[in-house]
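S.K.: Turn this into a model:
(2 chains)
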Amino acid sequence: MNIEEQEKRLREIYPEFFEEKKEKKEEKKVLPPLPKAEKGKVVTRFAPNPDGVFHLGNARAAILSYEYARMYDGKFILRFDDTDPKVKRPEPIFYEWILEDLKWLGMEPDEIHYASDRLELYYEYAERLLRMGKAYVCTCEPSHYKKLRDEGKPCPHRELPPEIQLEEWRKMLDGEYKEGEAVVRIKTDLKHPNPAVRDWPALRIIDEPNHPRTGNKYRVWPLYNFASAVDDHELGVTHIFRGQEHAENETRQRYMYDYLGWGYPQAVHHGRLSIEGVVLSKSKTRKGIEEGRYLGWDDPRLGTIRALKRRGIKPEAIREVIIEVGLKRSDTTISWDNLAAINRKLIEPIANRYFFVADPIPMHIEGFEEEFTAEVPLHPDHPERGVRKLKFTPGKPIYVSKDDLELLKKSEYIRLKDLFNVRLLEVSEREVVAEFDSLEYEKAREHRWRMIHWVPEGKPCEVLIPEGDELIVKRGLLEMDATLNVDDVVQFERFGFVRVDAVEEGKLRAVFAHK
RNA sequence: GCCCCGGUGGUGUAGUCCGGCCAAUCAUUCGGGACUCUCGAUCCCGUGACCCGGGUUCAAAUCCCGGCCGGGGCACCA
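M.R.: A predicted model of the protein is given here:
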């Protein structure tokens, strides 16, 4: 029975099946409702530090923020948290790339802000807190301060009156205090069970920031918690999505919100997201690039958005995988199988098929003395797209892949897909000799002969295959009819889906996506 | 060491807040089969899990206590 007959018969004996099937198809993973979210009033933000490239781990916070904003007809803000010109120095290129990658993922921010543009605003709030007696300028030696803190004791500067604090603050701004000599702290509970929460630092001095956006205009820079607290409030952020490494920061920032009489946004802390066997860490990636072990930030082995893109992973697949993972607090490791399965569903219908023969071995065929042109559909399920032509010429060898060597060795007959069936006479790594047997596909099917792809001639093509930390390069021949452009995602039959990475003068490079 | 947070098949996820309808959902992987000029797609069928131990209860994946394991934080980083 073919599919139609089977379906017809099934409708007779089990009509309910089809109704259920229809329901199942519509079952799509969606995000759960967001607590305290009102339609039209949700404001979310994605706040990366442009000191590196956007990767899958960052994508979790970004996609959740964006999706929820959209779900509630709210606003999605991109804010560059570029307040560390020293340890995590921002670089101009990453500002651009992050925005570019965000857009590629389909997330256009409603607003874009730069923390480095807002220093004066931070200063205002610092002064206000100083004046209120809720913050102080601490000039303790860091190690000494730490000791006091761990003992739950105040440092000598803590209880000085606001007038002195403001004077000290002035000295910080004026340059009287040098880098490392003074810091503004927000008062909290000195007996807080978690020492890390006690009187946390809010602003510090960087003598020569040489910031990519503001140069040396400012020498007092806010720390993450301070800048973030001010901005989330000022920008009207209602919901924050961030990794659980920030969970303790909520405790810290709440003190500030209480002093200022602000309401803290709803924070959702999610676990860390990683992908099977892939390095996501910015610093490790950077090191690998510097040492020449990686081709760049978009090396196919990496988990950066650019790398995923280069491999032919569609933005929608990344979005789906993140939504599937949801907002759980536990860490998750996405498997390539899963990502590939989602991506395959997306690209299978659009990817045209071609024959790519990796590590070609010539095959000489005897006993067929006519020219014969095989016409193969560009896509088996879409004949309307047309065909590719592969011409067999008597006396000229065709090429088959070394990857099929084992198969050839153990087979007596084989079908050359869309051409004809042959009997194998000699099989070695250097060449294969075969004899024409028959034309009909049906005969091959009856005998269950295996089928391989082949190419009469072809253009040189190399495929980059990421395998863990290795990047394997497969060289071979791609059929002549494959006129491809960069970014095309196609399937090399019996090889896998690939994205065309570069095309130059009949030469081609592709990156392997998945089977 | 101190402080948070987690733990459902190989992987991811639903269910946990408000105990029963959960001998646990869906996807992927894996095994088997159907169909098909790709080892692609499609379609059937199947294997496979509530970290452990106590307690509460008529009833616990769900509540409580303890343990184990995992992650994170303890920066003048974000």
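S.K.: how about low-confidence regions in chain A?
M.R.: Residues of chain A that meet the criterion pLDDT under 70 lie in A:1-28.
S.K.: okay, now the domains of it?
M.R.: A:43-118+A:226-337, A:134-222, A:351-515 (automatic domain parsing).
S.K.: RNA strand B contacts on the stretch 51-200 of chain A?
M.R.: A:81, A:83-84, A:86-88, A:140-142, A:145-146, A:179-183, A:193-196 (CB under 7 Å from any atom of the strand). The C-beta positions use only the backbone N, C-alpha and C, and glycine is treated the same way.
S.K.: cool, the stretch 201-350 of chain A as well?
M.R.: Going by CB under 7 Å from any atom of the strand, the residues of the stretch 201-350 of chain A near RNA strand B are A:201, A:204-205, A:221-225, A:227, A:244-249, A:271-272, A:324-326, A:328-335, A:337-338, A:341-342, A:344-345, A:348.
S.K.: Show me the helices in the stretch 301-450 of chain A, by range?
M.R.: A:305-310, A:315-325, A:336-347, A:405-410, A:441-446 (DSSP state H, counting those that start in this stretch).
S.K.: which one of those is the most hemmed in?
M.R.: Greatest average neighbour count among the helices of the stretch 301-450 of chain A goes to helix A:305-310 (a mean of 24), per mean count of other CB atoms under 10 Å.
S.K.: and that one, how far out from the chain's middle?
M.R.: 6 Å (CA atoms, centre = their mean, to the nearest Å).
S.K.: can you list contacts of it?
M.R.: A:53-56, A:59, A:97, A:101, A:104-105, A:297-301, A:315, A:318, A:499, A:501, A:511 (CB atoms under 8 Å, 6 or more residues apart in numbering).
S.K.: These in helices, which ones?
M.R.: A:56, A:59, A:97, A:101, A:104, A:315, A:318 (DSSP state H).
S.K.: And the residues you listed, which of them are buried?
M.R.: A:56, A:59, A:97, A:101, A:315, A:318 (16 or more other CB atoms under 10 Å).
S.K.: residue contacts, the second one?
M.R.: With contacts taken as CB under 8 Å, 6+ apart, A:Ala59 has the following neighbours: A:105, A:273, A:305, A:318, A:322.
S.K.: swap the cut-off to 10 Å and go again
M.R.: A:46, A:66, A:101-102, A:105, A:107, A:273, A:303-305, A:308, A:315, A:318-319, A:321-322 (CB atoms under 10 Å, 6 or more residues apart in numbering).
S.K.: of those, closest to RNA strand B?
M.R.: Using CB to the nearest atom of the strand, A:Val321 comes nearest to RNA strand B of the contacts of A:Ala59, at 7.4 Å.
S.K.: picking that back up, from the residues of the stretch 201-350 of chain A next to RNA strand B, list just the buried residues.
M.R.: Looks like those have A:201, A:204-205, A:221-225, A:227, A:246, A:249, A:271, A:325, A:332, A:334, A:338, A:342, A:344 buried, using 16+ other CB under 10 Å.
S.K.: Point out the residues in the stretch 351-500 of chain A that sit beside RNA strand B.
M.R.: A:353, A:380-381, A:403-404, A:407, A:415, A:417-418, A:441, A:445, A:450-453, A:491, A:493-494.
S.K.: what do you get if the cut-off is 6 Å, keeping everything else the same?
M.R.: A:353, A:380-381, A:404, A:407, A:415, A:417-418, A:441, A:451-452, A:491, A:493-494 (CB under 6 Å from any atom of the strand).
S.K.: What residues sit buried inside stretch A:134-149?
M.R.: A:134-140, A:145, A:148-149.
S.K.: need the contact list for A:Glu369.
M.R.: For A:Glu369, counting by CB under 10 Å, 6+ apart, the contacting residues are A:394-395, A:436.
S.K.: again with A:Lys515
M.R.: Counted by CB under 10 Å, 6+ apart, A:Lys515 has contacts A:337, A:340-341, A:344, A:491, A:494-497.
S.K.: rewinding a little: winner for burial among the domains of chain A?
M.R.: The most buried one of the domains of chain A (mean count of other CB under 10 Å) is domain A:43-118+A:226-337, showing a mean of 19.
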